[in-house]
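In: no sequence for this one, just the structure:
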């Protein structure tokens, strides 16, 4: 599953994605983008960013720290006006949501 990306400002969105890729699940040596934990990125015309993400499970030990880390990093990006992060478990995360890069890194391919 790929993230839904909504924006007219592709250059700024690429910076957002690059920043997302600096966040790692502490138990898995792969970034949250490649793990498929980002369901949606929406950057409006005023550079307000909304993020819909999940975790590998509702009981994930990083449930409090990972979303807060991501939100903090995104708020520091130049030109981003505001960040709203929504954590969801619908649909539940599954291994097939990982990119090929993540699957290779974790030995699933």
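Out: Nice, thanks for sending it over. Everything quoted here is computed from the prediction, not taken from an experiment.

In: which pLDDT value goes with the closest residue to residue 55 other than its chain neighbours?
Out: Setting aside the residues directly before and after it, residue 55 is nearest to residue 63 in space (Cβ to Cβ, 6 or more residues apart in numbering), at 5.8 Å. All C-beta spots, glycine's among them, are computed from the backbone N, C-alpha and C. In the predicted model, residue 63 carries a pLDDT score of 82.

In: same check, this time on the one 5 residues further on
Out: Model confidence at residue 68, given as pLDDT, is 95.

In: for this protein, which segments count as helices?
Out: Under the criterion DSSP state H, the chain contains helices at 10-20, 32-35, 65-75, 100-105.

In: export these to TSV and tack on mean neighbour count and distance to residue 81?
Out: Rendered in TSV, the data for these read as follows (neighbours: other Cβ atoms under 10 Å; distance: least, Cβ to Cβ, whole Å):
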stretch	mean neighbour count	distance to residue 81
helix 10-20	15	11
helix 32-35	23	22
helix 65-75	16	10
helix 100-105	15	31
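
In: indicate which one of those is closest to residue 56.
Out: Among these, the nearest to residue 56 by Cβ to Cβ is helix 32-35 (7.2 Å).

In: which elements pack onto the closest one?
Out: Applying 3 or more Cβ pairs under 8 Å, 6 or more residues apart in numbering; DSSP states H and E, one finds that helix 32-35 contacts helix 10-20, helix 100-105.

In: residue contacts, residue 53?
Out: Taking Cβ atoms under 8 Å, 6 or more residues apart in numbering as the definition of contact, the neighbours of residue 53 are 32, 37-39, 67, 70, 85-88.

In: measure it to residue 107 for me?
Out: Separation of residue 53 from residue 107 (Cβ to Cβ, to the nearest Å) stands at 24 Å.

In: JSON lines for the helices and strands packed on helix 32-35, including mean pLDDT and distance to residue 46?
Out: Rendered in JSON lines, the data for these read as follows (pLDDT from 0 to 100; distance: least, Cβ to Cβ, whole Å):
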{"stretch": "helix 10-20", "mean pLDDT": "96", "distance to residue 46": "12"}
{"stretch": "helix 100-105", "mean pLDDT": "89", "distance to residue 46": "33"}
